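Q: sharing a model prediction with you, sequence too.
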Amino acid sequence: MLSICKTKVYRLCRLGFRNKVLAFVVCVTVVVLLLASKLGRSSGSFRQSRDFFADKHITSDGIFPLPRRQAFRNEQKKNSVLPLRFFKHKPGVSAHNFDWITNPRQLCLPPLGHQTNIHKHEVYLLVTIASAVWEFERRELIRKTWASVAKPHGKTIKYVFFLGNSGKSEHFVAVKNEFKMYGDIVMENFAETYKNLTLKTQGQLKWATYFCPNARFVMHVDDDVFADVGGVVDYLIKQEHQRILRCAKVFKPTVRREGKWTMSKKDYPRSQYPLACVGWCFVVSQDVVNDLYYMSLDTFLIHLEDVTFTGILRERIGDLQLAKMPNGETLCQHKGWPKDEPTNKKLEDAWLELQAKNTP
């Protein structure tokens, strides 16, 4: 880098300075500042030093201080399909204040005595799995199959299941026992319903912000999806210096006024939703996790979670572009539809197929 200053950059710098020593000092300073700026933006502005936890206060409520909240201009673009109501700033209109019934708060922390060696214990990818509280067999199957991939390319992967509360005592007791056995379940005290998937996704983002700020990337996936985690990591390695929102599949849906995805005109008065990720699988860098979570707190949320987080909130943030991952529908295979065979069987078959493919 110094040799560059002595040649090309020095020739540019010296034009404004008669003193060669001063020109060289200014030149080196500029280069250092540019490098620092680049590092600050790398991995989606995600930067970890060896003492990541040294200035952190680890509590049962989270790892503090929390990631910094960015300031956004909150301006609607001329070609935006979003109704104006989503750009009206209402602090705390969608606050996420549900109790943690189970919470693996230690999951992303390095072992005791190793807090200063973050590079050795970095969480490269946090996989947050949206699961229904009663899907005990499916979670067991996922743990034994695609979520058993722990260190692809030497990268540490962590898996967490996210549940709501069915209100049934037998489910409550069974999940408590499951959590004691595996320690990988976040259960929050909101009703386990389809329309609360938005709350579940918001809870995933909150948990990653509060309890896993050292994750480089975070992946949202539904429990009826087969995820090729090794393939996703292969892709992410090439994206490490970017701020990303990547989807298995991209769509721009039309608003429906009846059926499963019905939306009232009061909640969404226009006829078109913004471009978004289909909700079964998407990956974001850590800074995008924080931005989406913080923005969600001050935004009216509709019950379509994919449109909400990767469409509406993405547009509100303003500088966030989404894109489809190459082979996204192979990396994340939706097995919940069609209903020609049991979903669990299709998940297991996909795992066996991947194992056969990867066996020499």
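A: Yes, it's here. Just so it is clear, the structure is predicted and the values come from calculations on it, not from any experiment.
Q: going by C-alpha atoms from here, please, whenever you check contacts or count neighbours.
A: Will do.
Q: what ranges do the helices span in this structure?
A: Here the chain has its helices, by DSSP state H, at 2-4, 10-13, 20-45, 118-121, 136-144, 169-182, 197-211, 229-237, 286-297, 305-307, 313-317, 328-331, 343-358.
Q: hey, what's the residue nearest the centre of the chain bridged with?
A: Closest residue to the average C-alpha location of the chain: V218 at 3.5 Å, with Cα atoms, centre = their mean. Beta bridges link V218 to L126, V284, judged by DSSP bridges.
Q: and G318, how far is that from M295?
A: Per Cα to Cα, to the nearest Å, G318 is found 11 Å from M295.
Q: so in the protein, which strand runs the longest?
A: strand 156-165 (DSSP state E).
Q: got the CA coordinates for that one in PDB?
A: Extracted C-alpha coordinates of strand 156-165, given in PDB (Å, rounded to 0.1, in the frame of the first residue of the first chain):
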ATOM      1  CA  THR A 156     -20.000 -22.600  12.600                       C
ATOM      2  CA  ILE A 157     -23.800 -23.000  12.100                       C
ATOM      3  CA  LYS A 158     -26.400 -22.600  14.900                       C
ATOM      4  CA  TYR A 159     -30.000 -23.800  14.600                       C
ATOM      5  CA  VAL A 160     -33.000 -22.500  16.600                       C
ATOM      6  CA  PHE A 161     -36.700 -23.400  16.300                       C
ATOM      7  CA  PHE A 162     -39.200 -20.600  16.900                       C
ATOM      8  CA  LEU A 163     -42.700 -21.500  18.300                       C
ATOM      9  CA  GLY A 164     -45.800 -19.700  19.400                       C
ATOM     10  CA  ASN A 165     -48.100 -20.900  22.200                       C
END
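Q: what mean pLDDT does that strand get?
A: Strand 156-165 carries an average pLDDT of 98.
Q: ok, residues contacting it?
A: 107-108, 121-133, 139, 147, 149-151, 172, 184-193, 200, 203-204 (Cα atoms under 8 Å, 6 or more residues apart in numbering).
Q: show me the shaky parts of this protein.
A: 1-51, 112-121 (pLDDT under 70).
Q: and it, what are its domains?
A: Here the domain assignment for the chain is 2-45, 57-358, based on automatic domain parsing.
Q: now the end-to-end length of the longest one.
A: Across domain 57-358, the straight-line distance between its terminal residues is 42 Å, by Cα to Cα.
Q: how far does it sit from the chain's center?
A: Relative to its chain's centre, domain 57-358 lies at 6 Å (Cα atoms, centre = their mean, to the nearest Å).
Q: the more surrounded of G318 and M295?
A: Using other Cα atoms under 10 Å, the more surrounded residue of G318 and M295 is M295, with 23 against 14.
Q: I'd say the more buried one and R314 touch.
A: No - using Cα atoms under 8 Å as the test, M295 is too far from R314 to be in contact (9.0 Å).
Q: so what's in contact with those two at the same time?
A: If you check M295 and R314 against Cα under 8 Å, 6+ apart, no residue is contacted by both.
Q: from the domains of the chain, which stretch is densest packed?
A: Among the domains of the chain, domain 57-358 has the highest mean neighbour count (mean count of other Cα atoms under 10 Å), at a mean of 18.
Q: picking that back up, distance to P83 added to the helices of the chain, as JSON lines?
A: JSON lines is the format used below for the helices of the chain (distance: least, Cα to Cα, whole Å):
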{"stretch": "helix 2-4", "distance to P83": "51"}
{"stretch": "helix 10-13", "distance to P83": "50"}
{"stretch": "helix 20-45", "distance to P83": "29"}
{"stretch": "helix 118-121", "distance to P83": "43"}
{"stretch": "helix 136-144", "distance to P83": "38"}
{"stretch": "helix 169-182", "distance to P83": "40"}
{"stretch": "helix 197-211", "distance to P83": "19"}
{"stretch": "helix 229-237", "distance to P83": "34"}
{"stretch": "helix 286-297", "distance to P83": "16"}
{"stretch": "helix 305-307", "distance to P83": "13"}
{"stretch": "helix 313-317", "distance to P83": "11"}
{"stretch": "helix 328-331", "distance to P83": "30"}
{"stretch": "helix 343-358", "distance to P83": "37"}
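Q: so which of those is nearest P91?
A: helix 286-297 (6.9 Å; Cα to Cα).
Q: compute the inter-axis angle for the closest one and helix 197-211.
A: Between helix 286-297 and helix 197-211, the angle formed by their directions is 130 degrees, by axes from the mean of the first three to the mean of the last three Cα atoms, to 10 degrees.
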